[in-house]
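Colleague: Structure, please.
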Amino acid sequence: MKVIAVLNQKGGAGKTTVATHLARAFQLSGAEVLLVDSDPQGSARDWSAVRDNNPVTVVGIDRPTIERDLKSLGRKDFIIIDGAPQAANLAVSAIKAADFILIPVQPSPYDIWATSDLVDLVQQRIEMTDGKLQAAFVISRAIKGTKMSSEVGGALEGYGLPVLETRITQRVIYPGSAAQGTTVLDEYPTGDAAMEIHALAAEIKSFFDSTVE
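Modeller: The predicted structure follows:
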């Protein structure tokens, strides 16, 4: 079982979009997946409730006992945690529960600066686990052709964590599909948005594949 926590303590980074789409991408690849909504606002739970018989199972754990509570949920191939913004205790709990931390960051200097405290928490946990915890940035809501979108990767590298090659582009299909309680993978499975989500899932899997159990 692998636990992936999608965290960013600044709102608007596309965290829930990434979490819901990752869960669905892994599920479509044949994995058994659970999505944990640790945000008290319940965005992932709201997304799930829009659609009857949503294929992605979502549970809410919005208290700082995530590591312990996951043990009672049964084993899955992947558990995706949609983290809570501006809640340090919940972030620490998610970090402790995770095998991999994914940090979505918008191509904005304010968003880059705002990741500092979260990166400190992640780096501390990496040291405590002797490097067993892995973490990476993913550039989210990127706008093609803009200077900042092309330069943000270099700016993030200064934090000492890898920056994934896959970028999640700002597209109207993401909020459009969310409003229907679905994903771009279901609405337009051969579209560009679906391709970037599949690429993101594959890139994250490569981190696990390179780890010797």
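Colleague: longest helix in the chain, by residue count?
Modeller: As assigned by DSSP state H, the longest helix anywhere in the chain is helix 192-209.
Colleague: in it, what counts as buried?
Modeller: Residues of helix 192-209 classed as buried by neighbour count (16 or more other C-beta atoms under 10 Å): A193, A194, E196, I197, H198, A199, L200, A201, I204, K205, F207. In this view, the C-beta of every residue, glycine as well, is placed from N, C-alpha and C.
Colleague: Stretch 25-38 too?
Modeller: Going by 16+ other C-beta under 10 Å, stretch 25-38 has these buried residues: A25, F26, Q27, L28, V33, L34, L35, V36, D37, S38.
Colleague: pLDDT at the third one, what is it?
Modeller: Q27 carries a pLDDT score of 97 in this model.
Colleague: Okay, and it sits in which element?
Modeller: Using DSSP states H and E, the element containing Q27 is helix 15-28.
Colleague: What's the first helix or strand after the helix or strand of the chain with the lowest mean pLDDT?
Modeller: Least confident helix or strand of the chain, by mean pLDDT, DSSP states H and E, is helix 147-157 with a mean of 74. Next helix or strand after helix 147-157 toward the C-terminus (DSSP H and E): strand 163-169.
Colleague: Following element in sequence after that next one, please.
Modeller: Strand 163-169 is succeeded, C-terminally, by helix 173-179 (DSSP H and E).
Colleague: averaged over its residues, what pLDDT does that next one have?
Modeller: Rounded mean pLDDT across helix 173-179 is 95.
Colleague: ditto for stretch 53-65
Modeller: 94.
Colleague: for this structure, longest strand please?
Modeller: Using DSSP state E, we find that the single longest strand of the chain is strand 134-142.
Colleague: follow-up on the earlier one: dump the buried residues of helix 192-209 into CSV; add distance to K96 and pLDDT as well.
Modeller: Output for the buried residues of helix 192-209, formatted as CSV (distance: C-beta to C-beta, whole Å; pLDDT from 0 to 100):
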residue, distance to K96, pLDDT
A193, 32, 96
A194, 32, 97
E196, 30, 97
I197, 27, 97
H198, 29, 97
A199, 29, 97
L200, 24, 97
A201, 24, 97
I204, 19, 96
K205, 22, 94
F207, 19, 90
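Colleague: Fine, thanks again, bye for now.
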